[in-house]
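Chemist: could you look at this predicted model? Sequence included:
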Amino acid sequence: MKPATGYIRATSFAILVISLVTVIGFLGGLIYVLFDRIALAEPGQREYLVQVAWLTGAVVILSVIILIGVVVHYLAHRITQRPEKSEPPAYFDAWSESARRLKAKGVPPVELEETDSEG
């Protein structure tokens, strides 16, 4: 697994969990307000508010089930994931490789003159 993949997976997991918890919180607040209004509502409105409260409760239960599934999937993936054993790379001499690649065929070698830097 690439190092960035784990980071992306953890970030998307956190965003998803925070979003689901926020949705559950808002819907829970809506249910609280609905039950508060049901006590004060007229009989015709009361039936409508009860139906909306039931529907909102069903969506909250569905969101909780999805949240549990996401958390279980994430934890199961983390537990069953085996760290890959990486072998240290073999020693690679870049200077020798570059000299090998730069050897031109049919060209005589260039002789360098040594100069005195003292002047």
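Modeler: Structure received.
Chemist: where does the prediction get shaky in this structure?
Modeler: 1-6, 82-83, 103-104, 106-110, 112, 114-119 (pLDDT under 70).
Chemist: go again with 50.
Modeler: 1, 119 (pLDDT under 50).
Chemist: any chance you could map the helices in it?
Modeler: 3-40, 43-80, 94-102 (DSSP state H).
Chemist: in JSON lines, list those along with mean neighbour count and distance to Ser86.
Modeler: All C-beta atoms are positioned from the backbone trio N, CA, C, and that covers glycine. As requested, the helices of the chain are arranged in JSON lines below (neighbours: other CB atoms under 10 Å; distance: least, CB to CB, whole Å):
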{"stretch": "helix 3-40", "mean neighbour count": "13", "distance to Ser86": "11"}
{"stretch": "helix 43-80", "mean neighbour count": "13", "distance to Ser86": "19"}
{"stretch": "helix 94-102", "mean neighbour count": "8", "distance to Ser86": "21"}
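Chemist: run through the residues that contact the closest residue to Leu27 other than its chain neighbours.
Modeler: Closest residue to Leu27 apart from its sequence neighbours, by CB to CB, 6 or more residues apart in numbering: Val60 at 4.7 Å. Val60 makes contacts with Ile24, Leu27, Gly28, Ile31, as judged by CB atoms under 8 Å, 6 or more residues apart in numbering.
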